[in-house]
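>>> mind folding the following:
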Amino acid sequence: MKVKLLEVRDEGTFIAVFAFEATATVAENEAQRYLLGRSGFGDSRLIMVGKLDGGRGSVTYDPYDWSGSRTMHVAHKYIEENWDALNDGDVVCVEHILGERDAPKISARFP
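Residues are numbered from 1 along each chain as shown. The predicted model follows:
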């Protein structure tokens, strides 16, 4: 499994998230392959996304589970579609993805 920590930004919004990828074909061991396959994720890529907020948030593999949150819905879909190009610390700027900004926001860690 591969884990990435990302920064999701939107208008007035900063959300630290973790995302992990799991597929039976690249599972690290037989137990992972078995459990992913048995859960219906045998040949499909599973991208699980969750908020790093002290355990108060949701974790899901379905971008449509983020009902009522345009930010997390759009960010999750973007993370799935661009998984291979994303690195730890990258900014997922929802406003830029939706064409509301010309350029993505920079990380809040940079003044």
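>>> show me where this structure has strands.
2-10, 13-22, 46-51, 59-60, 91-93 (DSSP state E).
>>> just name the most buried of these.
The highest mean neighbour count among the strands of the chain, using mean count of other Cβ atoms under 10 Å, belongs to strand 91-93: a mean of 21. Every residue, glycine included, has its C-beta placed from N, CA and C.
>>> now the angle from the longest helix anywhere in the chain to strand 13-22?
The single longest helix within the chain, with elements called by DSSP state H, is helix 70-81. Helix 70-81 runs at 30 degrees relative to strand 13-22, counting by axes from the mean of the first three to the mean of the last three Cα atoms, to 10 degrees.
>>> now do the buried residues in helix 70-81.
Thr71, Met72, His73, Val74, Ala75, His76, Lys77, Tyr78, Ile79, Glu80 (16 or more other Cβ atoms under 10 Å).
>>> and those as JSON lines, adding pLDDT?
What follows is the buried residues of helix 70-81, written out as JSON lines (pLDDT from 0 to 100):
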{"residue": "Thr71", "pLDDT": "96"}
{"residue": "Met72", "pLDDT": "96"}
{"residue": "His73", "pLDDT": "96"}
{"residue": "Val74", "pLDDT": "98"}
{"residue": "Ala75", "pLDDT": "98"}
{"residue": "His76", "pLDDT": "97"}
{"residue": "Lys77", "pLDDT": "97"}
{"residue": "Tyr78", "pLDDT": "98"}
{"residue": "Ile79", "pLDDT": "97"}
{"residue": "Glu80", "pLDDT": "95"}
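>>> want to throw the strands of the chain into CSV with distance to Gly40 and mean pLDDT?
Converted to CSV, the strands of the chain look like this (distance: least, Cβ to Cβ, whole Å; pLDDT from 0 to 100):
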stretch, distance to Gly40, mean pLDDT
strand 2-10, 20, 95
strand 13-22, 12, 92
strand 46-51, 9, 92
strand 59-60, 15, 90
strand 91-93, 27, 98
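>>> nothing else from me, thank you.
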